[in-house]
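K.L.:
When you get a sec, could you give me coordinates for this:
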Amino acid sequence: MRLCRFDAGDGAQCGIVDDGYVVHRDNMAERHAVADVRFLAPVLPRKFLAIGLNYADHIAESGMEAPQFPVFFNKQITCVVGPDDDVHMPAVSNLLDYEGELAVVIGTRCRHVPEERAHEVIAGYTITNDVSVRDWQIRTPTMTMGKSFDTHGPLGPWVVTADELGDPHDLTLRTFVNGELRQDGNTGEMIYNCYQQVAHLSEAFTLEPGDVIATGTPAGIGAVRQPFPEGLLKVGDVIRIEIDGIGELSNTVVEEPDGFVVAANEEAPAWAS
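P.N.:
Numbering: from 1, shown residues only. Next up is the predicted model:
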């Protein structure tokens with residue numbers, strides 16, 4: 001199944017995408033054409049976790065060494081936006097970058113999950129753009145500040161359940177900026193795969209339904225393109241990330257509006273609770 005959150009004109013609802021239509025989760029007779037709804041972030045996580053340096057080609061382009069252990073950081077949940085939502089060029093920096101990634105969505109409250117059973121606690125998969133403010137990212141070893149600006153965690157367009165997607169470790173991942181191919185990788189190139197990441201994180205703390213894990217980005221980030229900073233994002237740029245079996249996530253960079261404050265989060269969708 002393809003699980004979504006959408007707005008057909010009367011507020012956020014949960015639904016299932018099926019054959020060009022969005023079917024209301026609680027009223028299967030209510031159907032809307034996909035073109036007639038606005039898709040929202042498919043999940044509102046309580047934890048948004050992300051792994052760094054998880055593709056060998058990205059490590060190489062960054063001039064760094066492969067980490068001995070998985071390196072995770074937090075993205076604050078106020079960064080979450082949905083497909084076609086704006087991404088802000090921060091008022092305090094113009095060193096804005098993209099990172100196309102496969103995202104795992106947890107479906108079962110769990111702890112101490114063995115790698116071989118990790119697939120059992122995953123509700124499904126979606127696409128994320130780990131938008132990064134590079135100068136703020138390198139100011140602290142945790143990276144959280146530079147990874148958590150408001151609007152810098154696009155998710156969508158929906159969550160594809162694990163049974164429909166199949167093996168998450170053989171998916172082509174491509175990122176385009178204004179139609180130009182920037183990243184072209186495969187999830188099979190991860191150093192730590194999805195199941196290993198779930199197992200590792202669950203050794204430390206409880207994972208909850210709706211939690212999101214961004215699984216790393218392949219080579220091709222804007223910061224390494226020369227001359228620097230020409231490869232970074234600019235106001236007006238459109239970033240489109242495509243992943244096999246899921247679809248595409250597209251967002252446009254705009255100037256941060258004066259006085260912007262994220263609205264209060266709604267409750268997580270019922271399918272993720």
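K.L.:
Now the longest helix along the chain: buried residues?
P.N.:
Using DSSP state H to assign secondary structure, the helix with the most residues in the chain is helix 194-204. For helix 194-204, burial by neighbour count (16 or more other Cβ atoms under 10 Å) applies to 194-202. Backbone N, C-alpha and C define where each C-beta goes, glycine included.
K.L.:
ok, residues contacting that helix?
P.N.:
Among residues not part of helix 194-204, those counted as contacts by Cβ atoms under 8 Å, 6 or more residues apart in numbering are 49, 51, 70, 72, 102, 104, 106, 110-116, 118-119, 121-122, 168-169, 187, 192, 207, 213, 215.
K.L.:
Narrow these to those that are buried.
P.N.:
Applying 16+ other Cβ under 10 Å to the contacts of helix 194-204, the neighbour count classes 49, 51, 70, 72, 102, 104, 106, 110, 113, 118, 121-122, 168, 187, 192, 207, 213, 215 as buried.
K.L.:
quick one: Ala35 is in a strand?
P.N.:
No - counting by DSSP: H, G, I helix; E, B strand; the rest coil, one finds Ala35 to be helix, located in no strand.
K.L.:
pLDDT score for it?
P.N.:
You'll see Ala35 listed with a pLDDT of 96.
K.L.:
Quick check: the nearest residue to Glu115 once chain neighbours are set aside vs Glu256, distance?
P.N.:
Ranked by Cβ to Cβ, 6 or more residues apart in numbering and with sequence neighbours excluded, the top spatial neighbour of Glu115 is Ala199, at 4.3 Å. In this structure, Ala199 lies at 38 Å from Glu256, with Cβ to Cβ, to the nearest Å as the measure.
K.L.:
likewise Val80?
P.N.:
Counting by Cβ to Cβ, the gap from Val80 to Glu256 is 16 Å.
K.L.:
re the thing from before, what's the per-residue pLDDT of the residue nearest to Glu115 here?
P.N.:
Among the per-residue scores, Ala199 holds a pLDDT of 98.
K.L.:
Packing partners of the helix or strand containing Arg240?
P.N.:
Assigning secondary structure by DSSP states H and E places Arg240 in strand 238-243. With contacts taken as 3 or more Cβ pairs under 8 Å, 6 or more residues apart in numbering; DSSP states H and E, strand 238-243 sits against strand 100-106, strand 122-129, strand 172-177, strand 247-255.
K.L.:
if you compare those strands, which one is most tucked away?
P.N.:
Per-residue neighbour counts averaged over each of the helices and strands packed on strand 238-243 give the maximum for strand 100-106, namely a mean of 28 (mean count of other Cβ atoms under 10 Å).
K.L.:
from the chain's centre, how far out does that one sit?
P.N.:
5 Å (Cα atoms, centre = their mean, to the nearest Å).
K.L.:
Stretch 199-218 too?
P.N.:
On Cα atoms, centre = their mean, the centre of stretch 199-218 falls 12 Å from that of its chain.
K.L.:
re earlier: if we take the buried residues of helix 194-204, which one ends up nearest to Arg240?
P.N.:
Sorting the buried residues of helix 194-204 by distance to Arg240 puts Cys194 at the head of the list, at 22.6 Å, by Cβ to Cβ.
K.L.:
Now do the same for that closest one: its pLDDT.
P.N.:
Cys194 is assigned a pLDDT of 98 by the prediction.
K.L.:
Of Val80 and Glu256, give the one with the bigger neighbour count.
P.N.:
Under the neighbour definition other Cβ atoms under 10 Å, Val80 and Glu256 were set side by side, and Val80 has more, 25 against 18.
K.L.:
Off-centre distance for stretch 79-95?
P.N.:
Offset of stretch 79-95 from its chain centre (Cα atoms, centre = their mean): 13 Å.
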